[in-house]
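Participant: Structure for the following, please:
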Amino acid sequence: MLDIKSAKIAAYEFTPVDSQTLNTKGSLFVVIGDVENGRQIFSNIHTAYFGDLTKTPFDALKSAVNMVSNVEIAACVVFGDVVYAAATYGSKVIICRDGAQATILDSASDSVVSASGYPKTGDSILMATKNVFNKIPPETIKTALTKNDPISAIETFGLLEDSTMVLMFGNKEPVEMLEVVPKVKPDILAFFKKILSKIPERRIYVHSAMEDEVVSDNKRLTFSVGLILLVILAISIGFGIRQKGINDTKNKYQEILKLAESEVDEAIGLASVSPDRSRELFFDSEQKLGQIEALKVKDVRITELRRKIDDSKAAVLGQYEITPVFFLDLSLLSSGFKGDLLSFSNGNISILDKVGLKIVSVAVSTKKSKVVAGPGVLDTALDLASYIDRTFVLGGDGIYEVGSTKTKVIEKTWEGEALIKSFAGNLYVLDKTGNAIYRYSGNGTSFGEKQNWLSSSTKVDFSNAKEWAIDGSAYVLFPNSKILKYSLGSPQSFKVAGVFPEIGTIDAIYADADSQYLYLLDKAGKRVVVVDKKGKYKAQYSDSEIANASNLVVSETDKKIILLTGDKLMSMEIKHI
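Facilitator: Modelled structure (predicted):
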């Protein structure tokens, strides 16, 4: 266990004298920006932190700091060999280790930021208000923290009179070991004598020059017993050192393991009631388990916790590791076929090869397939849409319905690039240059005049739009992974939230009127992320093969996610519904 030395300016610390409280909550160190009311604020934090012994130190510290409003707070708890830290309203916590300086926490707003870790011998931690860090250069701070004396270090910050705390970690003084010399009882002596009698006697030659040399059985026995006792003592010391190492390691992780087990159980219990809190507890417990596993110790409780976490990922986190399976080889339908775009309607997938100017159709439930149109019909195909058994392509001068022949159904009235979709028998055009969405009402055979689908008050910039989906509402995807949602022609609140790890780039998006959820292809993350239609996280499907996909459609009815990988379709079974 590490020894803690501290020095402070207008800061506060408390170490419980009660061993039960100390072993449950550790020591508390707090920096408070409001110096005038600091003692009362510390009293409130102290009461909140130590008042509930059922909370973990990490959760209790965050909760205690979070209850204080509009005041800079930085707090640390030293619990065994672990340091928990929390900060808010601009305060910072930094560490100096082996001559290098790093920021642990930098709070920039009213939200509480927190962290935990294992300090090492020689580490120094500085907690202070932002004014300290603004007025004292980093090199000066680093020089102060590399001193071995916290009181000497704190003098560097004394002139500012801001709340500041320095913690330095060293080794506890070693406990002296008393040498115990065992007394040999007569019965033990007789036992060893019996053993030695069975050992061949070593012959001793007495030279004439050496007088009065007597070999004594008792002396030989005493020497041998001493030698055996010495060996036993050495073995005992070896076992003792080994056991001490095992006990030290156990003491290092047992409390953390207990907390991790508690958090996993709570996360599983809250999965259906409070998903966000459940995931937060789950991630925290998995992080603790990772720290324990790094110690490379064998413990059935560690193995059991790993099994429980792995088995519960689907229920708590909605994480499914599913390898896509082969669905269909498109090149068998048409030689050299390579898919670029997908459209899905009425259980049928339409796939467009923009270079080869070919369209094929595949039924998800039966895999029945056919060639819809080829280069004899298509001369340009910029985008694809389908509705029930009808297929439409965007040409250079308008939109065509295609099959064995092609028929222009909508004349081009927009400039530049556009994207098309079909919904409820109507065709929709996203005009990237005109920053508009047009609706063309269908009557089953033809389409009416264009109508501005967006309200007149809606101002948009679609110039960088890369893809979109429509299910009555429209979801427009941009290169920076931003998604804008419009319903009844007006913008709606939409933000992808709760996904861990966060999505870097969304490569494709899918939704339709029959699906409950929105599906996002993350090639870099090798996953398909599922969110509800307000952006809240629901599930994710991961596998290295997903990195090869370029597009996707989803049939929740058939419980399949279909991925396009050039000349093949791959599928994954839906588990989250």
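
Participant: Could you break the protein into its assigned domains?
Facilitator: According to automatic domain parsing, the chain comprises the domains 2-171, 186-197+224-317, 325-573.

Participant: Tell me which stretches of the stretch 201-350 of the chain form helices.
Facilitator: 217-270, 275-293, 300-317 (DSSP state H, counting those that start in this stretch).

Participant: ranking those by burial, who's on top?
Facilitator: A comparison of the helices of the stretch 201-350 of the chain by mean neighbour count, using mean count of other Cβ atoms under 10 Å, puts helix 275-293 on top with a mean of 19. No exception for glycine: its C-beta is placed from N, CA and C like everyone else's.

Participant: Go through that one and list whatever outside residues touch any part of it.
Facilitator: Contacts with helix 275-293, where a contact means Cβ atoms under 8 Å, 6 or more residues apart in numbering, come from 58, 118, 253, 256-257, 259-261, 263-264, 266-271, 302, 305-306, 309, 312, 316-317, 498, 500.

Participant: What of stretch 9-25?
Facilitator: Contacts for stretch 9-25 (Cβ under 8 Å, 6+ apart): 6, 27-32, 35, 38-39, 42, 46, 49-50, 53, 57, 60, 77, 79, 127, 154, 157-158, 160-165.

Participant: Poorly predicted segments of the protein, please.
Facilitator: In the predicted model, the chain carries pLDDT under 70 at residues 1, 172-224, 236-252.

Participant: in the sheet, who's paired with the closest residue to K412 other than its chain neighbours?
Facilitator: Ranked by Cβ to Cβ, 6 or more residues apart in numbering and with sequence neighbours excluded, the top spatial neighbour of K412 is G398, at 4.3 Å. Assessed by DSSP bridges, G398 has beta-bridge partners G395, E411.

Participant: contacting residues around G398?
Facilitator: K408, V409, I410, E411, K412.

Participant: got these as TSV, with neighbour count and distance to V429 columns?
Facilitator: Converted to TSV, these look like this (neighbours: other Cβ atoms under 10 Å; distance: Cβ to Cβ, whole Å):
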residue	neighbour count	distance to V429
K408	12	14
V409	17	12
I410	22	8
E411	9	11
K412	14	9
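
Participant: what about the residue nearest to K412, distance to T380?
Facilitator: 10 Å (Cβ to Cβ, to the nearest Å).

Participant: Could you export stretch 109-123 as PDB, CA atoms only?
Facilitator: This file holds the C-alpha atoms of stretch 109-123, laid out as PDB (Å, rounded to 0.1, in the frame of the first residue of the first chain):
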ATOM      1  CA  SER A 109     -18.600  23.200 -17.700                       C
ATOM      2  CA  ASP A 110     -21.200  22.300 -15.000                       C
ATOM      3  CA  SER A 111     -21.000  18.600 -15.900                       C
ATOM      4  CA  VAL A 112     -18.900  16.500 -13.600                       C
ATOM      5  CA  VAL A 113     -15.900  14.700 -15.300                       C
ATOM      6  CA  SER A 114     -14.400  11.700 -13.500                       C
ATOM      7  CA  ALA A 115     -11.600   9.200 -13.700                       C
ATOM      8  CA  SER A 116      -9.800   6.500 -11.800                       C
ATOM      9  CA  GLY A 117      -6.400   4.800 -11.800                       C
ATOM     10  CA  TYR A 118      -3.500   3.300  -9.900                       C
ATOM     11  CA  PRO A 119      -0.800   5.700  -8.600                       C
ATOM     12  CA  LYS A 120       2.800   4.700  -8.500                       C
ATOM     13  CA  THR A 121       5.600   5.400  -6.000                       C
ATOM     14  CA  GLY A 122       6.900   8.800  -6.800                       C
ATOM     15  CA  ASP A 123       3.700  10.200  -8.400                       C
END
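
Participant: for that stretch, which positions count as buried?
Facilitator: V112, V113, S114, S116, P119, G122, D123 (16 or more other Cβ atoms under 10 Å).

Participant: what's the burial count for Q20?
Facilitator: Each residue near Q20 was counted by other Cβ atoms under 10 Å, and the total is 9.

Participant: Wait, a helix at it?
Facilitator: Yes. Judged by DSSP: H, G, I helix; E, B strand; the rest coil, Q20 forms part of a helix.

Participant: Okay, and the closest residue to V68 other than its chain neighbours sits in which element?
Facilitator: Residue nearest to V68 in three dimensions, not counting chain neighbours: I41, with 6.0 Å by Cβ to Cβ, 6+ apart. Element membership for I41 (DSSP states H and E) is helix 38-51.

Participant: Okay, and the beta partners of V78?
Facilitator: S27, V83.

Participant: in the stretch 351-500 of the chain, which spans are strands?
Facilitator: 358-363, 369-373, 383-387, 390-395, 398-402, 406-411, 418-423, 426-431, 436-442, 447-452, 467-470, 473-477, 483-487, 490-492 (DSSP state E, counting those that start in this stretch).

Participant: No further questions, thank you.
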